[in-house]
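>>> Structural data only, the sequence is not supplied:
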């Protein structure tokens, strides 16, 4: 990313100015790997996608769990990681995760819960996700965790 940008949505913020501490040389570190963002906050989806594209990820996104399940079922190959909001209309993160775990073609995809919900850390444990980020999320936190979880996939 060029310049310092901050985007604020309804429930979260990602600041590119406050934390550029992902590893040097990370740009292009993930060629061909896909990340799927599931969040109802359009601004937040866009800025997370931009940050991840800047380091070489392919990014797909959906505004709720139902749309995500539909799109994930059509993706080939499956993404290396899903970034999942907890509170969304139509199908929330809890219902999405339950359905994802039931589907053989989706159950092996790691999930990171990204939420401002005050009980999100408890939900992360209950849902058995692979990581948790509390909104507001810094750019560095996001990129470092995604790079780490996708390194072996």
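The structure has been received and is ready for your questions. Treat the numbers as computed from the prediction; the structure is a model and nothing was measured.
>>> Tell me which stretches of this structure form strands.
Here the chain has its strands, by DSSP state E, at 6-8, 13-15, 34-38, 58-62, 81-84, 111-115, 131-134, 137-138.
>>> Do a quick rundown of the helices in the protein.
Secondary structure of the chain (DSSP state H): helices at 42-54, 65-74, 93-102, 120-127, 139-150.
>>> And the contacts of the shortest one?
What it means is helix 120-127. 86, 93-94, 97, 111, 113, 115, 117, 131-132, 134 (C-beta atoms under 8 Å, 6 or more residues apart in numbering). The C-beta positions use only the backbone N, C-alpha and C, and glycine is treated the same way.
>>> Now do the spatially closest residue to residue 37 that is not a sequence neighbour, the pLDDT please.
Counting by C-beta to C-beta, 6 or more residues apart in numbering, residue 37 lies nearest to residue 61, which is 4.2 Å off, once chain neighbours are set aside. Looking at residue 61, its pLDDT reads 98.
>>> Count the neighbours of residue 61 for me.
As a burial measure, residue 61 scores 19 neighbours (other C-beta atoms under 10 Å).
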